[in-house]
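A.B. asks: what's the 3D shape of this:
(chains A and B)
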Amino acid sequence: QQQVKQSPQSLIVQKGGISIINCAYENTAFDYFPWYQQFPGKGPALLIAIRPDVSEKKEGRFTISFNKSAKQFSLHIMDSQPGDSATYFCAARRNQGGKLIFGQGTELSVKP
Amino acid sequence: KAGVTQTPRYLIKTRGQQVTLSCSPISGHRSVSWYQQTPGQGLQFLFEYFSETQRNKGNFPGRFSGRQFSNSRSEMNVSTLELGDSALYLCASSPGGSTNEKLFFGSGTQLSVL
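C.D. replies: I've put the predicted structure just below:
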């Protein structure tokens, strides 16, 4: 019940295309869902986050879609650029829990 | 503001030794969390400290311990190192006032156990 399952494990997208990464969770007590971006040699950096009371949140080229009934959420990267090539992690946290439960990560490669 | 600073950046130890990693949070942040990152297990929560007290703990053996000082700086210690402890250890800080606030990660300490 504490797991967050992320897919795909790796993704190759052409420049200008849309990158889509999916996550699913079991624990209905989760109420905070962030996405992190990690470049080699760096720690994860928060990209965008959503609470389950909204179905979509957009910040620039990054959009989170959230389906509470299906217990799924996804990250869409519009107009993908080579500079977006990184590993992306979804995560979830309980309101009282404090710790982040991370998905396994998706290695995104955007080809020029 | 300076980001989260972790030292050392790289560390090589042998089995059976112990190691101490250091983390300086963003100025004003009172919560420090530690995560272990490995290719096989991904990112796993170790523990969180707030105002010098451990507030949350993950499912790691007692060989992994930590502490936080009055200036919010934190250290984690791993005793009797095993090969499987080789990992990137990440420290993250947050202001500490809310459970849903943003976490800011450092670049990590890469530990290799030979």
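A.B. asks: Against chain B, how distant is the nearest residue in space to A:Arg94 that is not next to it in sequence?
C.D. replies: Distance criterion CB to CB, 6 or more residues apart in numbering or on different chains; nearest residue to A:Arg94, sequence neighbours excluded, is A:Ala29 at 4.7 Å. Bear in mind the C-beta positions are built from the backbone N, C-alpha and C, glycine included. A:Ala29 sits 12 Å away from chain B, going by CB to the nearest CB, to the nearest Å.
A.B. asks: what about the residue lying closest to B:Gln37 once chain neighbours are set aside, how many neighbours?
C.D. replies: Computed as CB to CB, 6+ apart, the closest residue to B:Gln37 that is not its neighbour in sequence is B:Leu88, at 4.3 Å. Per other CB atoms under 10 Å in any protein chain shown, the neighbour tally for B:Leu88 reads 19.
A.B. asks: element containing B:Leu88, please.
C.D. replies: strand B:87-94 (DSSP states H and E).
A.B. asks: Only alpha carbons, please: show that strand as PDB.
C.D. replies: The C-alpha coordinates for strand B:87-94 follow below in PDB (Å, rounded to 0.1, in the frame of the first residue of the first chain):
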ATOM      1  CA  ALA B  87      24.700   4.300  -2.800                       C
ATOM      2  CA  LEU B  88      24.100   8.000  -3.300                       C
ATOM      3  CA  TYR B  89      22.900   9.500   0.100                       C
ATOM      4  CA  LEU B  90      20.700  12.600  -0.400                       C
ATOM      5  CA  CYS B  91      19.800  15.200   2.200                       C
ATOM      6  CA  ALA B  92      16.800  17.400   1.800                       C
ATOM      7  CA  SER B  93      15.700  20.400   3.800                       C
ATOM      8  CA  SER B  94      12.400  22.200   4.200                       C
END
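A.B. asks: Please see if whatever helix or strand comes next after that strand touches chain A.
C.D. replies: Of the helices and strands lying after strand B:87-94 in sequence (DSSP H and E), the nearest is strand B:104-105. Yes: Strand B:104-105 reaches chain A (CB under 8 Å from any CB of the partner chain) through B:Phe104, B:Phe105.
A.B. asks: Please identify which residue in chain A comes closest to chain B.
C.D. replies: Here chain A gets closest to chain B at one residue, A:Gly43, 3.3 Å apart by CB to the nearest CB.
A.B. asks: what sits against the nearest residue to that residue once chain neighbours are set aside?
C.D. replies: Residue nearest to A:Gly43 in three dimensions, not counting chain neighbours: B:Phe105, with 3.3 Å by CB to CB, 6+ apart. Contact analysis of B:Phe105 by CB atoms under 8 Å, 6 or more residues apart in numbering or on different chains lists A:Tyr36, A:Gly43, A:Pro44, A:Ala45, B:Val4, B:Tyr35, B:Leu90, B:Cys91, B:Ala92.
A.B. asks: What residue, apart from its backbone neighbours, is nearest the last one spatially?
C.D. replies: By the measure of CB to CB, 6+ apart, the closest residue to B:Ala92 outside its immediate chain neighbours is B:Leu103, 4.2 Å from it.
A.B. asks: Quick check, that neighbour in contact with A:Phe102.
C.D. replies: No: contact criterion CB atoms under 8 Å: B:Leu103 and A:Phe102 do not qualify, at 11.1 Å.
A.B. asks: I'd say A:Ala82 and A:Leu108 touch.
C.D. replies: Just so we're on the same page, residue A:82 is Pro rather than Ala. No: here A:Pro82 does not reach A:Leu108: they are 10.4 Å apart, not a contact under CB under 8 Å.
A.B. asks: Could you check which of those two is surrounded by more residues?
C.D. replies: A:Leu108 (21 against 10).
A.B. asks: Cheers, nothing more for now.
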